[in-house]
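Novice: after the sequence you'll find the predicted model.
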Number of protein chains: 2
Amino acid sequence: MAIRIGALARQTHCTVETIRYYEQTGLLPEPLRTAGNYRLYHAEHIERLHFIRHCRALDMSLEEIRVLLSYRDTPQQACDEVNGLLDQHISKLDQQIADLLQLKQRLQGLRSHCRGENTAESCGILQELTHCSCTTEKMN
Amino acid sequence: MAIRIGALARQTHCTVETIRYYEQTGLLPEPLRTAGNYRLYHAEHIERLHFIRHCRALDMSLEEIRVLLSYRDTPQQACDEVNGLLDQHISKLDQQIADLLQLKQRLQGLRSHCRGENTAESCGILQELTHCSCTTEKMN
DNA sequence: TAAAAACCCTGAAGTAGCTATAGAGTCAAC
DNA sequence: GTTGACTCTATAGCTACTTCAGGGTTTTTA
């Protein structure tokens, strides 16, 4: 019923180092050890790590996951905030997608400035990158 | 004709610290200094930083930019690699967009598991995150 | 039974691309 | 002459890990 860290890593598609890192930052509790000082994981740890990895697969930050875990750990609370967190995460995604699509358009525009038989000196892309009017205003 | 670091930062929509960081990592050459040890920037520096910022606005990495700058610095070379770098960057973007869209679908699916009047204990989202079959395989 | 291979341990440093902080110096205006 | 805006260096911090050095443990194989 108990497994060591390597087996757990294989089960959850992450590395041994990542698991130790989660423990270090308090996402996973410290497990019991064998006589030889090896970590030993049981069902509860394993489920918790699966939870974390699923959240990470959904690109949630460790801080977001920390919040979700706290809800998981206090089952009597209302779960409104869980919904809110997800909704927020989804709109963040929407923004990212829109940004990337815009970026792609700009890159394709830029790409069309070079016909490919040039030297760097006369390359339209490099010139455009120096003088272009594409906005950098949104950055900080 | 010469400006100080604060003015350059305003012109290029970045911070003073970012400019110093670029200098430190070799993207920008060390500029001349005033008697009082202030950095003084001239047209060439300014254009180079504009180039860098435009590339960053297109989400290129500093390593990619380093390559582009080396092309800019040796104007006799053919510029095929510039095209290649851009094409590669565009397909990376395509992949990112596809990933985000898939992610969004999964999140929306997950979101639909909670009707909002639950306690955390019975919240469909938290349960789903523990046991769901959504893949974590692509991660490392 | 011995040795090789596979596994695990800790602690510290490195990654990208900055951002933030401390503590000090410079320069123009009032 | 002092206030305030600007600049300087050096160092540490951020996310989510990854890599490394230098060791100990367990399992497999000869």
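Specialist: Happy to help now that I have it. Numbering: from 1, shown residues only, chains lettered A, B, ... in the order given.
Novice: is the lengthiest helix in chain A anywhere near chain B?
Specialist: Ranked by residue count under DSSP state H, the longest helix found in chain A is helix A:80-111. Yes. Judged by CB under 8 Å from any CB of the partner chain, helix A:80-111 comes into contact with chain B through A:80, A:82-83, A:86-87, A:89-90, A:93-94, A:96-97, A:100-101, A:103-104, A:106-108, A:110-111. For every residue, glycine as well, the C-beta is placed using N, CA and C.
Novice: which among those residues end up buried?
Specialist: Neighbour counting with 16 or more other CB atoms under 10 Å in any protein chain shown marks A:82-83, A:86, A:89-90, A:93, A:96-97, A:100, A:103-104, A:106-107, A:110-111 as buried within these.
Novice: angle of the longest helix of chain A against helix B:80-111?
Specialist: 160 degrees (axes from the mean of the first three to the mean of the last three CA atoms, to 10 degrees).
Novice: is helix A:80-111 positioned near DNA strand C?
Specialist: No. Counting by CB under 7 Å from any atom of the strand, DNA strand C has no neighbours in helix A:80-111; the shortest distance is 14.3 Å.
Novice: what about that helix, near DNA strand D?
Specialist: No. Judged by CB under 7 Å from any atom of the strand, helix A:80-111 and DNA strand D are separated, with a smallest distance of 11.6 Å.
Novice: in terms of secondary structure, what does that helix contact?
Specialist: helix A:62-73, helix A:124-131, helix B:80-111, helix B:124-131 (3 or more CB pairs under 8 Å, 6 or more residues apart in numbering or on different chains; DSSP states H and E).
Novice: in the lowest-mean-pLDDT helix or strand in chain A, what's buried?
Specialist: One helix or strand of chain A scores below all others by mean pLDDT, DSSP states H and E: helix A:124-131, with a mean of 77. Using 16+ other CB under 10 Å as the test for burial, helix A:124-131 gives A:124, A:125, A:126, A:128, A:129.
Novice: ok, and the closest non-adjacent residue to the fourth one?
Specialist: If the residues on either side of it in the chain are set aside, residue A:128 comes closest to residue A:113, at 5.1 Å by CB to CB, 6 or more residues apart in numbering or on different chains.
Novice: now the residue in chain A positioned nearest to DNA strand D: how far from residue A:23?
Specialist: The nearest approach of chain A to DNA strand D comes at residue A:36, 2.2 Å away (CB to the nearest atom of the strand). Applying CB to CB, to the nearest Å, the value for residue A:36 to residue A:23 is 18 Å.
Novice: and the residue most central in space within chain A, what does it touch?
Specialist: Nearest to the geometric centre of chain A sits residue A:59, at 3.8 Å (CA atoms, centre = their mean). In this structure, residue A:59 makes contact with A:89, A:93, B:103, judged by CB atoms under 8 Å, 6 or more residues apart in numbering or on different chains.
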